[in-house]
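Undergrad: here's a sequence, model it:
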Amino acid sequence: MDDVYVHEHALKYGLDEDEIIYAWTNFVRSQQRRTPREDQIVRTGYGKKTARSIQMIGVAASYGTLIIHAMNPVQDSIRRELGLPRR
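TA: As a prediction, the model looks like this:
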């Protein structure tokens, strides 16, 4: 399994690092983005402490994955991108 790191920007919506990493590694849906953002992976998952839905964007690198964005709730645009039903 790749190492997972959380960029400080991903913490700006009030989620903590442990909750983000838990949601990332126990994801519900994951997809590599298309051009021009093919270096990004978009995922949804649930936090361990609060069981709230979280959307995340990570960037694959040689050292592992850097999560650059995480927020709750999952936006409709991300739901559409991942083929999930609307809320």
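
Undergrad: contacts made by stretch 70-77 with the rest, please.
TA: If you take CB atoms under 8 Å, 6 or more residues apart in numbering as the criterion, stretch 70-77 is touched by 6, 10-11, 13, 15, 20, 23, 44, 47, 52-57, 84, 86-87. Any C-beta I mention is one placed from the backbone N, CA and C, and that applies to glycine too.

Undergrad: buried subset of those, written for ChimeraX?
TA: Buried residues among the contacts of stretch 70-77 (16 or more other CB atoms under 10 Å), as a ChimeraX selection:
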select :6,10,15,20,23,44,47,53,54,55,56,57
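
Undergrad: for stretch 73-87, buried residues please.
TA: Neighbour-count burial for stretch 73-87 [16+ other CB under 10 Å]: Val74, Ile78, Arg79, Glu81, Leu82.

Undergrad: correction: stretch 35-45
TA: Using 16+ other CB under 10 Å as the test for burial, stretch 35-45 gives Gln40, Ile41, Val42, Arg43, Thr44, Gly45.

Undergrad: taking those together, which two end up most distant?
TA: Within the buried residues of stretch 35-45, two members stand farthest from each other by CB to CB: Gln40 and Gly45, at 15.9 Å.

Undergrad: contacting residues for the most centrally placed residue in the chain?
TA: Here the mean C-alpha position of the chain is nearest to the C-alpha of Met56 (CA atoms, centre = their mean), at a distance of 1.8 Å. Applying CB under 8 Å, 6+ apart, we find Met56 in contact with Ala10, Ile20, Ala23, Trp24, Phe27, Val42, Arg43, Thr44, Gly45, Ile67, His69, Ala70.

Undergrad: okay, these in a markdown table with secondary structure, pLDDT and distance to Asp2 next?
TA: Formatted as a markdown table, those follow (DSSP: H, G, I helix; E, B strand; the rest coil; pLDDT from 0 to 100; distance: CB to CB, whole Å):
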| residue | secondary structure | pLDDT | distance to Asp2 |
| --- | --- | --- | --- |
| Ala10 | helix | 96 | 16 |
| Ile20 | helix | 95 | 15 |
| Ala23 | helix | 95 | 15 |
| Trp24 | helix | 96 | 10 |
| Phe27 | strand | 94 | 13 |
| Val42 | strand | 96 | 16 |
| Arg43 | strand | 95 | 13 |
| Thr44 | strand | 96 | 18 |
| Gly45 | strand | 94 | 16 |
| Ile67 | strand | 97 | 11 |
| His69 | strand | 97 | 18 |
| Ala70 | strand | 96 | 17 |
